[in-house]
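Asks: Dropping a prediction and its sequence here:
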Amino acid sequence: MGKYLLRRLAINVILVAIAASLTYMLAATTMSPRAAYQGRQPPVPEAVIDATLDAYNLNDKTPVLVRYGTWAKGVLTGDLGKTWNGGSVNDEMGRRIFVSLRLLIIGTIVGFAVGVLLGAVSAVKQYSFTDRAIGVSSFVILAIPVFLLATLLAIAAISLNRGLGFTLIEYTGEYNPQLSGWDQFVNRLNHLILPTISLSLGVSGAAFYSRIQRNMMLDVLGQDFVRTAIAKGLRRRTALYKHALRTALIPASTYFAFNFGTLLTGAIFTEKIFSWHGMGAWLIDAINQNDVNSVAAVTLFSAVCVLFAAFLSDVMVAILDPRVRVS
């Protein structure tokens, strides 16, 4: 199993490098950081603009391959470069990355766990009212775009708070800076509720996994090894949990990796709607500001997230599938 995981990890690292490089090349050739300095009053001399952009490795007069070489060398040494206004990309990412990771990790785990559970229950209770209710609810949620789902949740929270006469559920921002200690910790958890629900329910969350898991579970329930385990005296619940669910989890764990990257896309809208200053919101701001290095940094972050999720998926498959451990 060790050789298998090392081989998969090496492939994923190469893919991350290719994805980040292509994104930098695309951003460097299509964006114009120079536009942020032109048209100012009083006018900024062209020589000053060139010197500033050279210092930030953003000068469009420098060949793109030369700029890419400088950027890649910096990435290998841990320096992601400068923003369009001279700030440190490392510092900005360090501030924002944990904001997004709080949403992504919690949203992913909650969505995966709830979706797998609902899918398994739906398969076991096939054609029952529970199965139909879960199926209809899942398709309705899947049909709602992420930004619309987040907006509806915010509107529902505002209406609820207005009806109660006090703020029960926070709907904007990451936390209340006026609080401290335990009160701020509780407040941060409150601010997490709506963004987490938005990310864990939608296209890349519980609704999606419930449909996948139901289909996989139904296929496994009809297999001979499940019927044989029950025929040998194993309790049906134990057979479903120990044999059927474990086997049906293999495809779901693979989907988990690819959906992690999609979840990051959903987080862009979620962060903007709920005023979270994370990586998704930073990407939108960086594109609007023609900030090449910041766009490349966000892409590198998303690629690393997919790398980690894919590697985690490989580990899960290796644990769940004995055939992989001996390959």
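Replies: That came through fine.
Asks: pLDDT at Val315, what is it?
Replies: What the model reports for Val315 is a pLDDT of 73.
Asks: ok now do Tyr37, which residues does it touch?
Replies: 44, 49, 52-53 (Cβ atoms under 8 Å, 6 or more residues apart in numbering). Yep, even glycine has a C-beta here, placed from its N, CA and C like the rest.
Asks: would JSON lines of these with pLDDT and neighbour count be doable?
Replies: Shown next, in JSON lines, are these (pLDDT from 0 to 100; neighbours: other Cβ atoms under 10 Å):
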{"residue": "Val44", "pLDDT": "81", "neighbour count": "13"}
{"residue": "Ile49", "pLDDT": "87", "neighbour count": "19"}
{"residue": "Thr52", "pLDDT": "89", "neighbour count": "20"}
{"residue": "Leu53", "pLDDT": "90", "neighbour count": "21"}
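Asks: Okay, strands next: where are they in this protein?
Replies: For the chain, no strands are identified by DSSP state E.
Asks: what's the domain layout of it?
Replies: 1-84+289-327, 103-288 (automatic domain parsing).
Asks: Go through these and pick out the most buried.
Replies: Comparing those by mean neighbour count (mean count of other Cβ atoms under 10 Å), domain 103-288 ranks first with a mean of 18.
Asks: in the stretch 201-327 of the chain, what spans have low per-residue confidence?
Replies: Low-confidence segments of the stretch 201-327 of the chain, defined by pLDDT under 70: 202-204, 236-238, 242-243, 257-266, 316-318, 320-327.
Asks: shouldn't Ile158 be in contact with Tyr171?
Replies: Yes. Counting by Cβ atoms under 8 Å, Ile158 does reach Tyr171; the two are 6.0 Å apart.
Asks: what do the two both touch?
Replies: Counting by Cβ under 8 Å, 6+ apart, nothing touches both Ile158 and Tyr171.
Asks: May I see the domains of the chain organised as CSV, with distance to Asp91 added?
Replies: Output for the domains of the chain, formatted as CSV (distance: least, Cβ to Cβ, whole Å):
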stretch, distance to Asp91
domain 1-84+289-327, 9
domain 103-288, 12
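Asks: Of all the ones you listed, which one comes closest to Gly94?
Replies: domain 1-84+289-327 (10.1 Å; Cβ to Cβ).
Asks: re earlier: export the contacts of Tyr37 to a markdown table and tack on distance to Thr29?
Replies: Below are the contacts of Tyr37 laid out as a markdown table (distance: Cβ to Cβ, whole Å):
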| residue | distance to Thr29 |
| --- | --- |
| Val44 | 24 |
| Ile49 | 19 |
| Thr52 | 20 |
| Leu53 | 15 |
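Asks: and Thr167, backbone torsions?
Replies: phi -90, psi 100 (degrees, to the nearest 10).
Asks: And it, how close does it get to Val136?
Replies: Using Cβ to Cβ, to the nearest Å, Thr167 is found at 33 Å from Val136.
Asks: Also Tyr56?
Replies: In terms of Cβ to Cβ, Tyr56 sits 53 Å off from Val136.
Asks: Look at Thr29 and report its pLDDT.
Replies: Reported pLDDT for Thr29: 91.
Asks: check contacts around the residue lying closest to it once chain neighbours are set aside.
Replies: Leaving out its chain neighbours, the residue that sits closest to Thr29 by Cβ to Cβ, 6 or more residues apart in numbering is Val64, at 5.7 Å. Each residue near Val64 by Cβ under 8 Å, 6+ apart is listed here: 25, 28-29.
Asks: any weak-confidence spans in the stretch 51-200 of the chain?
Replies: For the stretch 51-200 of the chain (pLDDT under 70), the answer is none.
Asks: Model confidence at the residue nearest to Leu300 when sequence neighbours are not counted, what's the number?
Replies: Leaving aside its chain neighbours, Leu300 sits nearest to Ala20 (4.4 Å; criterion: Cβ to Cβ, 6+ apart). With respect to pLDDT, Ala20 has a value of 89.
Asks: follow-up on the earlier one: of the contacts of Tyr37, which is the nearest to Ala286?
Replies: For these, the nearest to Ala286 is Leu53 (16.0 Å; Cβ to Cβ).
Asks: quick one: the closest one and Arg34 touch, right?
Replies: Yes. Judged on Cβ under 8 Å, Leu53 makes contact with Arg34 at a distance of 6.4 Å.
Asks: Need the overlap of contacts for the two.
Replies: 59-60.
Asks: wait, what's in contact with the residue nearest to Leu300?
Replies: 75, 296, 299-300, 303.
Asks: before we move on, what about Asn57?
Replies: Applying Cβ under 8 Å, 6+ apart, the residues near Asn57 are 67, 70-71, 74, 81-82, 293.
Asks: so how far is Trp84 from it?
Replies: 11 Å.
Asks: what residues are shared contacts of the two?
Replies: By Cβ under 8 Å, 6+ apart, the residues touching both Asn57 and Trp84 are Asn293.
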